[in-house]
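Chemist: Take a look and give me a structure for this.
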Amino acid sequence: MKPNWLKITLPQGSTYNKIRAIVKEYNLHTVCEQARCPNIGKCWAGRTVTFMILGDTCTRNCKFCAVKTGNPKGIVDKEEPKRVAQAVKNLALNYVVITSVTRDDLTDGGASIFAQTIKQTRKLNPNTKIEVLIPDFAGSSQALKTVLLAKPDVLAHNLETVARLTPLVRDKRANYQTSLNILRLSKDTNPDIPTKSGIMVGLGEEEEEVKKTMLDLKMVGTEIITIGQYLKPSPNNWEVGNYISPEKFQEFRQYGKALGFRQVLAGPLVRSSLRFAY
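Modeler: As a prediction, the model looks like this:
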């Protein structure tokens, strides 16, 4: 049974309905819907949207994730970047997060589509802040540089969980060190672009493992970190190990601040695509 501090706002209202209509009109996907995010009602009401590019089918099969998995067979919608840009304009978004499924079937992992989406969005929305939440691109430094050259305002990549649980809950092609290396390389390539990462708790990790993960992220230059409660999105996903109290999240926030993170967003319903304060 979920504790009483996990109260989810049901999606409703005119803004929510408008966003849903525009997403459908432009044939786009949002991680808000695909991943069954508990914050969709609150975020959409506040005009915060996370678009998911490169289709709706992920080549990986992480046990915590509800996004559809399969083989997209190299198919790429090259008009998608323009449609995302137009949707951002129609919604008058001040801040947009662009993420994607993982596309191991593509030579560059979809990096060129990320870059085009950033460029097209910037062209139509010069005042909109753009955060990209990227996959690991199989560790490719060239793919990462392709994204960074498009100059997003924030570069995010999720570590997802502690080192011990990584091979258990993430796809076998995901790797704890590869994810850390992506974040390190981003700072080395363009130190002016803030880096961000998210982890889930309640998967069965120990408190000290969470703190070690936070330290690992700080050591590779990560500036923003999100920590949220894992919630099982479907009967087929990984079981919730335990529910973390709001007081413990506060301890994680204080620990992160002591480590020197620029911002620490931690709480039961915190999710990695939550925007950070400029």
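
Chemist: I'd assumed residue 273 was in contact with residue 99.
Modeler: Yes - distance between residue 99 and residue 273: 6.7 Å, which falls inside the contact criterion (C-beta atoms under 8 Å). No exception for glycine: its C-beta is placed from N, CA and C like everyone else's.

Chemist: pLDDT below threshold where in the stretch 51-200 of the chain?
Modeler: Nowhere does the stretch 51-200 of the chain drop to pLDDT under 70.

Chemist: Do a quick rundown of the strands in it.
Modeler: According to DSSP state E, counting those that start in this stretch, the stretch 51-200 of the chain carries its strands in the segments 95-100, 129-133, 154-156, 195-201.

Chemist: Can you list the strands that the third one pairs with?
Modeler: Counting by DSSP bridges, the strands paired with strand 154-156 are strand 129-133 (parallel), strand 195-201 (parallel).

Chemist: quick one: contacts for residue 123?
Modeler: Residues counted as contacts of residue 123 (C-beta atoms under 8 Å, 6 or more residues apart in numbering) are residue 85.

Chemist: now it: how far from residue 85?
Modeler: Per C-beta to C-beta, to the nearest Å, residue 123 is found 7 Å from residue 85.

Chemist: Look at residue 241 and give its secondary structure.
Modeler: Assigned by DSSP: H, G, I helix; E, B strand; the rest coil, the conformation of residue 241 is coil.

Chemist: okay, now it: neighbour count?
Modeler: By the criterion of other C-beta atoms under 10 Å, residue 241 has 13 neighbours.

Chemist: Can you report how many residues lie near the residue nearest to it when sequence neighbours are not counted?
Modeler: Counting by C-beta to C-beta, 6 or more residues apart in numbering, residue 204 is the residue found nearest to residue 241 once chain neighbours are left out, at 3.5 Å. The tally of other residues near residue 204 (other C-beta under 10 Å) stands at 18.

Chemist: Is residue 204 in contact with residue 162, as I believe?
Modeler: No - Residue 204 sits out of contact with residue 162 when judged by C-beta under 8 Å, with a separation of 9.2 Å.

Chemist: so how far is residue 236 from residue 242?
Modeler: Using C-beta to C-beta, residue 242 is found at 20 Å from residue 236.

Chemist: Compare these two (neighbour count), which wins?
Modeler: Each of residue 242 and residue 236 has its neighbours counted (other C-beta under 10 Å); residue 242 has more, 12 against 8.

Chemist: List the residues that contact the more buried one.
Modeler: For residue 242, the contacting residues are 202, 204, taking C-beta under 8 Å, 6+ apart as the criterion.
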